[in-house]
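Chemist: the amino acid sequence is not available; the structure is as follows:
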């Protein structure tokens with residue numbers, strides 16, 4: 001199940017980076033929690049697009065990565081079910097970004113993204129090694 005874990009962490013990483021990008025567009029780079037007034041106009045429109053695209057992209061990335069990492073599973077039904085479950089589990093895990101952002105702001109989101117990236121890499125390598133073993 002390390003393939004599912006890697007997929008969920010990767011999807012959450014994509015969503016977290018999108019939220020970080022939105023925060024940078026609205027408040028500027030490395031603003032702390034509760035920083036100033038948000039910008040309006042073109043930055044707000046770009047932030048909305050980035051948030052929607054990043055969130056949907058995270059869900060799709062989780063499903064695609066799970067599908068790829070779970071390649072050794074012969075049953076297409078099980079493989080598809082686990083890929084869809086990985087996408088839905090991204091929704092649950094991405095909710096952790098809310099308190100991280102409130103408590104630590106953009107630096108906290110960066111740290112959270114680094115942890116998610118390390119977890120994705122670790123579980124992904126473990127899943128690929130397991131797939132290659134006889």
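Modeler: Ah, there it is. What you see is a predicted model, and the numbers here were worked out from it, not measured in a lab. Numbering: from 1, shown residues only.

Chemist: after the lowest-mean-pLDDT helix or strand in the chain comes which helix or strand?
Modeler: Using mean pLDDT, DSSP states H and E, the weakest-scoring helix or strand in the chain turns out to be helix 42-69, at a mean of 89. Counting by DSSP states H and E, the element after helix 42-69 in chain order, helix or strand, is helix 76-94.

Chemist: and residue 81, what pLDDT?
Modeler: pLDDT for residue 81: 94.

Chemist: could you check how far residue 79 is from residue 131?
Modeler: Computed as C-beta to C-beta, to the nearest Å, the residue 79 to residue 131 distance reads 12 Å. To be clear about C-beta, it is placed using only N, CA and C from the backbone, and glycine gets the same treatment.

Chemist: neighbour count for those two, which is higher?
Modeler: Neighbour totals were compared for residue 79 and residue 131, and residue 79 leads with 19 against 15 (other C-beta atoms under 10 Å).

Chemist: would you check that that one makes contact with residue 73?
Modeler: Yes. Counting by C-beta atoms under 8 Å, residue 73 is a contact partner of residue 79 at 4.6 Å.

Chemist: low pLDDT regions in the chain?
Modeler: Filtered on pLDDT under 70, the chain yields the residue ranges 30-43, 134.

Chemist: looking at it, which helix is longest?
Modeler: Ranked by number of residues, the top helix in the chain under DSSP state H is helix 97-132.

Chemist: counting contacts, what elements does it pack onto?
Modeler: Counting contacts by 3 or more C-beta pairs under 8 Å, 6 or more residues apart in numbering; DSSP states H and E, helix 97-132 packs against helix 2-27, helix 42-69.

Chemist: out of those, which one sits most buried?
Modeler: Stretch with highest mean neighbour count among the helices and strands packed on helix 97-132: helix 2-27 (a mean of 23; mean count of other C-beta atoms under 10 Å).

Chemist: other SSEs contacting that helix?
Modeler: On a contact count with 3+ C-beta pairs under 8 Å, 6+ apart, helix 2-27 meets helix 42-69, helix 76-94, helix 97-132.

Chemist: list the buried residues in the last one.
Modeler: For helix 97-132, the neighbour count (16 or more other C-beta atoms under 10 Å) marks 97, 100-101, 105-106, 108-110, 112-113, 116, 119-120, 123-124, 127-128 as buried.
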